[in-house]
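> Provided below are the primary sequence and the corresponding predicted coordinates.
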Amino acid sequence: MATRCENHFLYGELDRDIFMEQLQGLVSKEYPNHVCRLKKALYGLNADPSLFIKKTPTVCTLFLLYVDDIIIAGDDSVEINNLQDAMSVRFEMKSLSEVNYFLGLEIEKCGGYFMSQKGYATSLLTSLFYLTITRPDIAFSVGVISQFMDQPCEIHLIAAKRILRYIKNTLSYGLMYEQSKSFSLSGFVDVDWAGHVNDRRSTTGFCFKIGSAAISWCSKKQTTVALSSCEIEYVVATMATQECLWLRRLIREMVTTQNHPIQNFCDNESATKLAGNPAFHARSKHIETHYYFVREKVLSQDIEL
């Protein structure tokens, strides 16, 4: 059973004299230079934090107290209820019935008690996602652990903390946009073919930059299984082509026009040949039609792969 004791520190009686200055706005007009002697414990004192516990009547039931959150456990539910009723008479209590959340731990009763930190892990991961706005170097790592948000385990929390340690030692990292007369958009694409050990799907990524700094990037696990590195490189090249054409239109509206083809750097020779040669067919006839969008843009010289 979980319960809560409201302002529990205020119930503890001090075992020694402690004085405090009069509060601003409540200074006595008659004794402005006097100080106050506390009758009860207050938050922030260096007095024994267990004064409230010492005040609690002794009962044969175990309870865990952290600040003002309490878990009561015992073999006899009647005894647990009696203890809670007795404490409610003396202290202001808030009953939360069966415990399901305590100090960041999610507790589920299923034969035994299953404890997890799904909420904490999700909150941590959300913060890391926001950080990728200026830190593309962690996009892949954050993307990997995000695949386990539904049922995070201890190993995923360890992985997230490893990312935090990396961030701690690279706090000065960021994106530097320098002034330059040249204004050229270029991109890079890459993939780890069949990198996921469970379903053999690939993680693809692309990055576009103007000058020396990145302006758009993505790291994503694909929804289909590729039969070759050529196929998956072709897929990510299509994704990157869609992004770079949108970026070019955006830049054209704001600054200037880039008339020459946008360079997309790809390290797979078969994929680059497939993009420019319709006859390269034997191993690519099963690739979905919409992925040939990249071939169309290469032939129209919108991009150069």
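That came in fine, so what should we check first?
> Strands of the chain, start to end?
Taking DSSP state E, the strands of the chain run over residues 2-5, 19-20, 36-37, 62-66, 69-73, 93-95, 101-102, 105-110, 112-116, 185-192, 203-210, 213-221, 262-265, 303-304.
> Roughly how far does residue 212 sit from residue 305?
22 Å (CB to CB, to the nearest Å). Bear in mind the C-beta positions are built from the backbone N, C-alpha and C, glycine included.
> Oops, could you answer that again for residue 217 instead?
From residue 217 over to residue 305 the distance is 18 Å, taken as CB to CB.
> These two: which has the busier surroundings?
residue 305 (26 against 18; other CB atoms under 10 Å).
> The more buried one touches residue 236, doesn't it?
No - taking CB atoms under 8 Å as the definition, residue 305 is not a contact partner of residue 236, at 11.1 Å.
> how's the chain carved up into domains?
2-115, 118-168, 185-304 (automatic domain parsing).
> Stretch 210-221: how far from the chain's middle?
20 Å (CA atoms, centre = their mean, to the nearest Å).
> still on that earlier bit, possible to save the strands of the chain as CSV with mean pLDDT?
CSV is the format used below for the strands of the chain (pLDDT from 0 to 100):
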stretch, mean pLDDT
strand 2-5, 52
strand 19-20, 84
strand 36-37, 86
strand 62-66, 72
strand 69-73, 75
strand 93-95, 70
strand 101-102, 74
strand 105-110, 76
strand 112-116, 72
strand 185-192, 85
strand 203-210, 86
strand 213-221, 85
strand 262-265, 80
strand 303-304, 76
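> what's the closest of these to residue 169?
strand 213-221 (20.8 Å; CB to CB).
> Would you mind extracting the C-alpha trace of the closest one into CSV?
Only the C-alpha atoms of strand 213-221 are listed here, as CSV (Å, rounded to 0.1, in the frame of the first residue of the first chain):
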residue,chain,number,x,y,z
ALA,A,213,28.1,22.9,-41.0
ALA,A,214,25.2,20.5,-41.1
ILE,A,215,21.7,21.9,-41.6
SER,A,216,19.6,18.7,-41.9
TRP,A,217,20.2,15.1,-41.0
CYS,A,218,18.4,11.9,-40.2
SER,A,219,19.2,8.4,-38.8
LYS,A,220,16.4,5.9,-39.2
LYS,A,221,15.8,2.2,-39.1
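> and the angle from it to strand 185-192?
Using axes from the mean of the first three to the mean of the last three CA atoms, to 10 degrees, the direction of strand 213-221 lies 30 degrees away from that of strand 185-192.
> Pull out the buried residues from strand 213-221.
Buried positions in strand 213-221, judged by neighbour count with 16 or more other CB atoms under 10 Å: 214-219, 221.
> Return the member of those nearest to residue 88.
Residue 88 lies nearest to residue 221 out of the buried residues of strand 213-221, by CB to CB, at 51.8 Å.
> Could you check how far that closest one is from residue 236?
Distance, residue 221 to residue 236, using CB to CB: 11 Å.
> now do residue 67
The value you get for residue 67 to residue 236, if CB to CB is used, is 50 Å.
> what do you get for residue 218?
Distance check for residue 218 against residue 236: by CB to CB, it reads 9 Å.
> Overlap in contacts, those two.
204-206 (CB atoms under 8 Å, 6 or more residues apart in numbering).
> okay, now residue 87: neighbour count?
The number of residues packed near residue 87 is 20, by other CB under 10 Å.
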